[in-house]
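> Build me a structure from this.
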Amino acid sequence: MFSVFVNAKPDVFTETLKTGLAVPLILSLAVIGPTLEELLFQAGIQKGIFKRLNPWIAIILTAIIFAGAHNVTLNWSFLN
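Sure thing, here's the model as predicted:
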């Protein structure tokens, strides 16, 4: 739902908040989405990986999956 507003003009977000969708939108963005995300990564993916791999590898692998899910670009320039 948030991706709709990423490239939108500020008026689009403001107008949406004026509709009856304001409360569900805010709950989705601030409460429901992050809670489900934590459950997925902590209880699902990370717990499953911890059972099969070394804890350090599991943490790193989960972090990479998490970053990939958020389209985070890794900057390795500090290694040079």
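> C-alpha only now, for contacts and for neighbours.
Noted.
> element containing Val12, please.
If you go by DSSP states H and E, Val12 is part of helix 10-18.
> Show the secondary-structure elements that that helix is packed against.
helix 22-27 (3 or more Cα pairs under 8 Å, 6 or more residues apart in numbering; DSSP states H and E).
> Could you check how far the helix it packs on is from the centre of its chain?
17 Å (Cα atoms, centre = their mean, to the nearest Å).
> moving C-terminal of that helix, what's the next helix or strand?
Downstream of helix 22-27, the first helix or strand assigned by DSSP H and E is helix 33-38.
> quick one: contacts of the helix or strand following that following helix?
Downstream of helix 33-38, the first helix or strand assigned by DSSP H and E is helix 47-52. With contact meaning Cα atoms under 8 Å, 6 or more residues apart in numbering, helix 47-52 is reached by 58, 62.
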